[in-house]
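# task: produce atomic coordinates for the following.
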Amino acid sequence: MSGHGDAHPMTSGKCGALRGTALVPGDKSISHRALIFGAMAVGETRITGLLEGQDVLDTARAMRAFGATVIQHGPGAWSVHGVGVGGFSEPSDVIDCGNSGTGVRLIMGTMATTAMTATFTGDASLRKRPMGRVTDPLSLFGAQAYGRRGGRLPMTVVGAAKPVPVRYALPVASAQVKSAVLLAGLNAPGETVVIEREPTRDHSERMLLGFGAQLSVERNGNEGQIITLQGRPELRPQSVAVPRDPSSAAFPTCAALIVEGSDITVPGVSQNLTRNGLYITLAEMGAEIEFLNPREEGGESVADLRVRFSGAMQGIEVPPERAPSMIDEYPILAVVAAFATGRTVMRGVKELRVKESDRIDAMARGLEACGVTVEEDADTLTVHGMGPGGVPGWATCATHLDHRIAMAFLVAGMAAKAAISVDDAAPIVTSFPMFEALMNGLGGDIRRS
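Model prediction:
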């Protein structure tokens, strides 16, 4: 059963060559932030290309609950009339963030330094995810959090009436935690400093600068990257053009790589250097991907991808330091690895165990059901490739309410010898609502079971 309603089983069968143009949705990370920063600005922010998946719609509803005016004007076109830093009003009801770990953690940070109380919940998957990694640093500002055992939702956060700035070294490489601390720091006096040993996606820093915050980023050989934010700015409304999501683009891209004869184009995909780990890894495996017409849109580098079937891909060792730049793409990489030749070893991936599901376990069990040999430990996933078209398939894989697990196995079914089913594809709507139509439009055979 999905957290958003009835389960939707789906089956994906072996298909012919994929052809055409894949117009993937707007970047989810940037869409969340555009709504939140717009709500904290003074005046009207205009957004184009917003992802209208359920996760982002839940964030839009939350911003309304905190007092911002959020209006949809057309497909992907939205406006947010913000209330200023520290201007949120106390919500009258529980904030339901659905399936979105990004949404709930960033919103907690946004309200943690304002004197108010808010209660957060989510679907069955989100209620299993630990929130202590965010509420612990927020408590340094003076906020208090009361949740279920293990720091899980539902959770009530009491914002700090007299917040203080903090200096916080991230214990794990997490853009969500970093962003929550920076958002809390906006309404704290003085300078808030975040230190990260390994760079993570930098959409918050880019957007903070675009909205007029005083922020600097420096490298220190001993500590790593030091981000300094001056508190209590007046954020200026902006026009935000959301680029297409590299995490969503990964699914048609990887499908084309493993389906014989395929040749597709994926236009306008973000090339942010903190998000491109998958594409670097695929190139090292021998994938035929061209990056055409590089340009800048909305403060982010983008390019058009031309992707061809790549039957000569070889397994590689993916270094652990690459994990932060591709943490959401390991499920689909595991599928590509199953159709490559040789062994692919993914190290430094323990963060996958606390995503929407335990993604290491979910991929391992699903690939094994499809006839692929897999090894795992706490921090590593190893896939023994079976070569082009070599995966037997003929299995039903559990998605554990995880949209990326569902899409990964549906892509696998497009190239396996026999069809692959997933027990519940309903969570796909959270990030890629047009996935089924887009993949079938390219030549796929994905259908409701």
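# before we move on, which element is residue 204 in?
In this structure, residue 204 sits in helix 203-210 according to DSSP states H and E.
# so what does whichever helix or strand comes after that helix touch, helix or strand wise?
Counting by DSSP H and E, the next helix or strand C-terminal to helix 203-210 is strand 215-220. Packing contacts for strand 215-220, counted by 3 or more Cβ pairs under 8 Å, 6 or more residues apart in numbering; DSSP states H and E, involve helix 203-210, strand 224-230. Placement of C-beta: from N, CA and C, glycine included.
# using TSV, please lay out the ones you listed together with mean pLDDT.
Output for these, formatted as TSV (pLDDT from 0 to 100):
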stretch	mean pLDDT
helix 203-210	95
strand 224-230	96
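# sorry, back to before: so which elements touch the helix holding residue 204?
helix 28-40, helix 175-186, strand 215-220.
# so for residue 201, which of those sits nearest?
helix 175-186 (4.3 Å; Cβ to Cβ).
# distance from whichever helix or strand comes after that closest one to the middle of the chain?
Later in the chain than helix 175-186, the nearest helix or strand by DSSP H and E is strand 191-196. A distance of 23 Å separates the centroid of the chain from that of strand 191-196, by Cα atoms, centre = their mean, to the nearest Å.
# ok so, going back, can you list the helices and strands packed on helix 203-210 in TSV and add mean pLDDT and distance to residue 67?
Output for the helices and strands packed on helix 203-210, formatted as TSV (pLDDT from 0 to 100; distance: least, Cβ to Cβ, whole Å):
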stretch	mean pLDDT	distance to residue 67
helix 28-40	97	8
helix 175-186	97	16
strand 215-220	94	25
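# related to what we said a few turns ago, from the helices and strands packed on strand 215-220, which stretch is densest packed?
Stretch with highest mean neighbour count among these: helix 203-210 (a mean of 22; mean count of other Cβ atoms under 10 Å).
# angle of that one against strand 215-220?
130 degrees (axes from the mean of the first three to the mean of the last three Cα atoms, to 10 degrees).
# number the residues from 861 up from this point.
Noted, 861 is the first residue going forward, which turns the last one into helix 1063-1070.
# where exactly do the strands run in the stretch 911-1060 of the chain?
Per DSSP state E, counting those that start in this stretch, the stretch 911-1060 of the chain carries strands over the ranges 929-934, 937-943, 955-956, 977-981, 1004-1008, 1012-1018, 1027-1029, 1051-1056.
# got a markdown table for the helices and strands packed on strand 1075-1080, with distance to residue 1018 too?
As requested, these are exported to a markdown table (distance: least, Cβ to Cβ, whole Å):
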| stretch | distance to residue 1018 |
| --- | --- |
| helix 1063-1070 | 24 |
| strand 1084-1090 | 23 |
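# of all the ones you listed, which one is nearest residue 924?
helix 1063-1070 (20.0 Å).
# got a list of what residue 1189 touches?
By Cβ atoms under 8 Å, 6 or more residues apart in numbering, the residues touching residue 1189 are 1107, 1110, 1137, 1138.
# quick one: which of the residues you listed is nearest residue 1160?
Relative to residue 1160, the closest of the contacts of residue 1189 is residue 1107; by Cβ to Cβ it sits at 13.8 Å.
# helix/strand/coil for the closest one?
helix (DSSP: H, G, I helix; E, B strand; the rest coil).
# can you pull the pLDDT of it?
For residue 1107, the model assigns a pLDDT of 97.
# touching, it and residue 1190? I think so.
No - using Cβ atoms under 8 Å, residue 1107 is not in contact with residue 1190; the gap is 10.9 Å.
# for the stretch 1061-1210 of the chain, which spans come out with low pLDDT?
1158 (pLDDT under 70).
# recalculate using a threshold of 90.
Scanning the stretch 1061-1210 of the chain for pLDDT under 90 picks out the ranges 1080-1083, 1156-1160.
# circling back to that earlier point, of residue 1107 and residue 1190, give the one with the bigger neighbour count.
Taking other Cβ atoms under 10 Å, residue 1107 and residue 1190 do not tie; residue 1190 has more neighbours (26 against 23).
# who touches that one in this structure?
1183, 1206, 1209, 1212, 1219, 1223, 1241.
# surely residue 940 meets residue 900?
No - if you go by Cβ under 8 Å, residue 940 and residue 900 don't touch, sitting 9.3 Å apart.
# quick one on the thing from earlier: who wins for neighbours among the contacts of residue 1190?
Most surrounded of the contacts of residue 1190: other Cβ under 10 Å gives residue 1223, at 32 neighbours.
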